[in-house]
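**Student:** have a look at this prediction, sequence included:
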Amino acid sequence: MDSLESFAQAKLAGLEAGALRRRLVPTLRGAESSAERGGRALVSFSCNDYLGLSHDPRVVAAAQGAVAAFGAGAGGSRLVAGNHPVLTRLEERLARHKGTEAALVFGSGYLANLGITPALAGPGDLILVDELAHACMWGGARLSGARVVSVRHNDVSDLARLLAEHRGAHRRAMVLTERVFSMDGDRAPIGDILGVAEAHDAWVLVDDAHGLGVVEAGPRAPLEMGTLSKSLGSYGGYLCASQAVIDLLVSRARSFVYTTGLPPASAAAALEALTILEAEPERGAKPLLLARRFTARLGLPEAESAVVPVLVGEAEAALALSAALEAAGFLVVAIRPPTVPPGTARLRVAFSAAHDAAQVDALAGVLAALTGRS
Ligand code: PMP
């Protein structure tokens with residue numbers, strides 16, 4: 001048998017050979033999309049802080065005030081002693097924002113997806129997942145013990161075909177997709193998906209991690225989950241749904257029941273950010289406008305969200321392009337398999353209300369020169 005050490009070394013060597021080994025790089029994020037790596041100041045296009053609220057003085061003050069008043073941690077799970085009233089206030093506001101009866105805050109978006117699906121589906125049930133859905137949607141589906149089937153990306157006729165084929169043999173069915181896909185930035189046809197799902201008596205869970213505050217138009221699903229860590233600039237996850245579904249999850253979502261409650265400061269920051277998001281709609285419009293400016297400059301397909309992929313292909317080439325951009329003063333991290341399918345390594349460019357047009361033009365100019373697109 002391999003020793004633990006030789007097992008780990010051999011695995012690492014394999015990753016290294018394919019340019020797929022990850023390394024942690026100390027990164028200091030500042031206000032206005034600034035970042036610092038190795039003592040160098042960079043403009044970051046790799047943050048999910050789409051509205052620039054993680055450094056907003058009002059959001060920071062809300063977090064500071066909550067830490068001073070309520071402490072650094074929750075001190076227990078929500079069902080024991082960790083259910084600070086600020087979490088309940090945040091849940092009421094999230095539900096109002098999404099137009100649902102209720103909401104439930106989780107420790108993170110990842111934990112939300114790991115808890116929601118297994119609480120609603122199990123052996124004997126069917127779960128249809130978009131092939132490009134986030135790892136935690138897949139994780140929740142697999143944990144449930146239901147039959148899990150991959151749906152071709154954003155392909156409603158494939159969804160209809162799979163439901164027609166498999167629905168009858170299963171007790172319940174769920175459809176899992178994202179409003180805005182995290183690594184491609186494209187939007188799902190939610191209205192069409194809801195229609196097909198209804199026709200086959202299937203429930204729809206939409207992951208709105210990258211949509212909230214940026215891409216708000218369009219129909220909403222009965223199950224809408226997301227994160228407090230992107231446009232809300234804080235940390236944590238949530239599900240918005242009917243009161244009965246939320247009440248069931250309070251008792252049955254294992255990633256809710258058996259984990260410590262979110263720190264009150266994270267909830268206070270997210271609550272303040274949600275207030276700003278609703279009060280300042282022009283802030284939410286800006287990332288998409290900047291993303292469209294960028295795609296127009298580079299002749300790329302028009303951006304549908306704050307996320308724009310610049311496809312490269314091989315992992316090594318994506319790393320080299322990212323390094324060249326860093327040398328030019330931009331932080332644009334390369335995304336490699338298995339986060340994206342093999343052969344589709346890319347730069348993932350994320351736009352924020354904290355960017356200005358000159359920064360976007362500068363990035364587009366450097367990228368055009370580096371890739372011969374100019
Ligand atoms: N869903 C999607 C689509 C995501 O992109 C992410 C985070 N990258 C998550 C869920 C997980 O959210 P969190 O970071 O709050 O765990």
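**Tutor:** The structure has been received and is ready for your questions.
**Student:** going by secondary structure, residue 218 is in what exactly?
**Tutor:** Using DSSP states H and E, residue 218 sits in no helix or strand.
**Student:** correct me, but it touches residue 193?
**Tutor:** No: if you go by Cβ atoms under 8 Å, residue 218 and residue 193 don't touch, sitting 10.9 Å apart. C-beta: built from backbone N, CA, C; applies to glycine.
**Student:** neighbour-wise, which of these two wins?
**Tutor:** Between residue 218 and residue 193, counted using other Cβ atoms under 10 Å, the more crowded position is residue 193 (24 against 12).
**Student:** show me what contacts the closest residue to the ligand within the stretch 51-200 of the chain?
**Tutor:** Proximity of the stretch 51-200 of the chain to the ligand (Cβ to the nearest ligand atom) peaks at residue 109, 2.4 Å away. Residues near residue 109 by Cβ atoms under 8 Å, 6 or more residues apart in numbering: 136, 207, 209, 225-229, 236-238.
**Student:** now do the closest residue to it other than its chain neighbours: how many residues are near it, please.
**Tutor:** Spatial nearest neighbour of residue 109, chain neighbours left out: residue 227 (3.3 Å); criterion: Cβ to Cβ, 6 or more residues apart in numbering. Counted with other Cβ under 10 Å, the neighbours of residue 227 add up to 26.
**Student:** can you report phi and psi for residue 227?
**Tutor:** Dihedral pair for residue 227: phi -130, psi 150, per degrees, to the nearest 10.
**Student:** look up how far the ligand lies from it.
**Tutor:** Applying Cβ to the nearest ligand atom, to the nearest Å, the value for residue 227 to the ligand is 3 Å.
**Student:** who does that residue form a beta bridge with?
**Tutor:** For residue 227, the beta-bridge partners under DSSP bridges are residue 237.
**Student:** look up how far residue 213 lies from it.
**Tutor:** 11 Å (Cβ to Cβ, to the nearest Å).
**Student:** please apply the same query to residue 335.
**Tutor:** Distance, residue 335 to residue 213, by Cβ to Cβ: 22 Å.
**Student:** residues of the stretch 151-300 of the chain that sit close to the ligand?
**Tutor:** Neighbours of the ligand within the stretch 151-300 of the chain, by Cβ under 6 Å from any ligand atom: 178, 182, 207, 209-210, 227, 229, 237.
**Student:** for the stretch 101-250 of the chain, just list every one of the strands.
**Tutor:** 102-106, 126-130, 147-151, 173-178, 203-207, 223-227, 237-241 (DSSP state E, counting those that start in this stretch).
**Student:** closest to residue 64 out of those strands?
**Tutor:** strand 102-106 (20.0 Å; Cβ to Cβ).
**Student:** mean confidence (pLDDT) on the biggest helix by length in the chain, please.
**Tutor:** Ranked by number of residues, the top helix in the chain under DSSP state H is helix 281-298. In this model, helix 281-298 has an average pLDDT of 97.
**Student:** packing partners of it?
**Tutor:** helix 264-279, strand 307-313, helix 357-371 (3 or more Cβ pairs under 8 Å, 6 or more residues apart in numbering; DSSP states H and E).
**Student:** same for the helix or strand encompassing residue 348, what does it pack against?
**Tutor:** Secondary structure assigned from DSSP H and E places residue 348 in strand 345-350. Counting contacts by 3+ Cβ pairs under 8 Å, 6+ apart, strand 345-350 is packed against strand 307-313, helix 315-327, strand 334-335.
**Student:** could you redo the last one with a cut-off of 10 Å?
**Tutor:** helix 281-298, strand 307-313, helix 315-327, strand 334-335, helix 357-371 (3 or more Cβ pairs under 10 Å, 6 or more residues apart in numbering; DSSP states H and E).
**Student:** ok and it relative to helix 281-298, angle-wise?
**Tutor:** 140 degrees (axes from the mean of the first three to the mean of the last three Cα atoms, to 10 degrees).
**Student:** give me the more crowded residue out of residue 335 and residue 213.
**Tutor:** residue 213 (29 against 20).
**Student:** out of everything not next to it in sequence, what's closest to that one?
**Tutor:** Per Cβ to Cβ, 6+ apart, closest to residue 213 is residue 231, 3.6 Å.
**Student:** isn't that neighbour right next to residue 283, touching?
**Tutor:** Yes: in this structure residue 231 lies within contact range of residue 283 using Cβ atoms under 10 Å: 9.4 Å.
**Student:** common neighbours of those two, please.
**Tutor:** 50-53, 213-214, 277, 352-353 (Cβ atoms under 10 Å, 6 or more residues apart in numbering).
**Student:** can I get these in a markdown table including pLDDT and distance to residue 166?
**Tutor:** Compiled in a markdown table, those are given as follows (pLDDT from 0 to 100; distance: Cβ to Cβ, whole Å):
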| residue | pLDDT | distance to residue 166 |
| --- | --- | --- |
| 50 | 98 | 36 |
| 51 | 98 | 40 |
| 52 | 98 | 44 |
| 53 | 98 | 42 |
| 213 | 97 | 36 |
| 214 | 98 | 34 |
| 277 | 98 | 39 |
| 352 | 98 | 41 |
| 353 | 98 | 43 |
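**Student:** most neighbours, which of these?
**Tutor:** Most surrounded of these: other Cβ under 10 Å gives residue 50, at 32 neighbours.
**Student:** circling back: which of the helices and strands packed on helix 281-298 sits most buried?
**Tutor:** Of all the helices and strands packed on helix 281-298, helix 264-279 has the most neighbours on average by mean count of other Cβ atoms under 10 Å, namely a mean of 23.
**Student:** mind checking how far residue 297 is from residue 362?
**Tutor:** 10 Å.
**Student:** with residue 323 instead?
**Tutor:** 18 Å.
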